[in-house]
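1. Kindly return the folded structure for what I paste below:
(one chain, ligands or ions: 1)
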Amino acid sequence: MPEFNRDREVEYLIERELKPAGITDERVLEAIRKVRRENFIPPSLRDRAYGNYPLPIGENQTISQPYIVALMTQALNIKDTDKVLEIGTGSGYQAAILAELARIVYTVERIPTLLDRARTNLYSQGYKNVILVLGDGTKGLPEYAPYDKIIVTAAAPKIPEPLLEQLKNGGKMVIPVGDRYVQDLVLIEKAQNGRIYRSSLGGCRFVPLIGEEGWKE
Ligand code: SAM
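-> Prediction:
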């Protein structure tokens, strides 16, 4: 089997997959280049770390496809002053990408084993601006609201009302909305006057968002 060459793999992903698919924001591409996806997946899958597809991370959950991570991050246009809320920590990879771009990232996960692993992983790699919280993210994280940006990385049947409330005026949110098998990746923009504008970034397929304002288990 050919040796795993991390630099070559990540450049291939960026040049052959992400850029042709419309990921052009240099800050996003730089974050993808910097964060080591192989550190967020089971060691047995390391050789596939830079394939453009989701991978299993245990507990029936997945680390998202790199293109989807990049697309959602690009759509949020994250600034280095932003306070970001992520729902669905999973492996912690998306949180690491966000942490490269934002001032602070709050991330909520409902499965304790995943949260513990993500915390160990992120802290051992030096991410000090990520706060990990166990709980039902469909209710948001009111303690630290409002947020400049919100990203939901599991599929919702509808947009949870608490997340809309916890988004700042002038803020953006990305969230997959649809049924259990196929969803629309929705971009929400909240104007300065509080009005909500909704647009679509295309089709996607995520694991379900389970909770009070999501799917029942
Ligand atoms: N962002 C993750 C990453 O970078 O690895 C991938 C997220 S995975 C596709 C979806 C995650 O959402 C799972 O870990 C799942 O347990 C979590 N999840 C589902 N419902 C949730 C809820 N109500 N609150 C918090 N996390 C939830």
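
2. Let me know the next secondary structure element after the longest strand belonging to the chain.
-> Ordering each strand of the chain by length in residues (DSSP state E) puts strand 167-178 first. Next helix or strand after strand 167-178 toward the C-terminus (DSSP states H and E): strand 183-190.

3. contacting residues around that following strand?
-> By CB atoms under 8 Å, 6 or more residues apart in numbering, the surrounding residues in contact with strand 183-190 are 68, 71-72, 75, 155-156, 159, 164, 167-178, 196-206. The C-beta positions use only the backbone N, C-alpha and C, and glycine is treated the same way.

4. Of those residues, which are in range of the ligand?
-> Near the ligand, taking CB under 6 Å from any ligand atom as the test, the members of those found are Phe206.

5. just the buried members of the contacts of strand 183-190?
-> 68, 71-72, 75, 155-156, 159, 164, 167-168, 171-178, 201, 204-206 (16 or more other CB atoms under 10 Å).

6. can you count the residues close to the closest residue to Tyr147 other than its chain neighbours?
-> Nearest residue to Tyr147, sequence neighbours excluded (CB to CB, 6 or more residues apart in numbering): Leu85, at 4.3 Å. For Leu85, the neighbour count with other CB atoms under 10 Å is 29.

7. so what's Leu85 up against?
-> Contacts of Leu85 by CB under 8 Å, 6+ apart are 105-108, 140-141, 144-145, 147, 149-151, 163, 166.

8. among those, which are in helices?
-> 163, 166 (DSSP state H).

9. now, which of the contacts of Leu85 sits nearest Arg46?
-> Using CB to CB, Thr107 comes nearest to Arg46 of those, at 23.4 Å.

10. now that closest one: how far from the ligand?
-> Distance, Thr107 to the ligand, by CB to the nearest ligand atom, to the nearest Å: 8 Å.

11. now swap in Arg195 and tell me
-> From Arg195 over to the ligand the distance is 27 Å, taken as CB to the nearest ligand atom.

12. Repeat that for Ala75.
-> From Ala75 to the ligand the distance is 15 Å (CB to the nearest ligand atom).

13. For that residue, what are phi and psi?
-> Ala75 adopts backbone torsions of phi -60, psi -30, taken as degrees, to the nearest 10.

14. cool, and Arg180?
-> phi -70, psi -20.

15. Use 11 as the first number from now on
-> Okay, residue one is now 11; in that scheme the one you just asked about reads as Arg190.

16. OK, contacts around it?
-> With CB under 8 Å, 6+ apart, Arg190 has these contacts: 165, 218, 225.

17. if we can go back for a sec, so what are the sheet partners of the host helix or strand of the residue nearest to Tyr157 and their directions?
-> Using DSSP H and E, Leu95 sits within strand 93-97. Using DSSP bridges, the strands paired with strand 93-97 are strand 114-119 (parallel), strand 157-162 (parallel).
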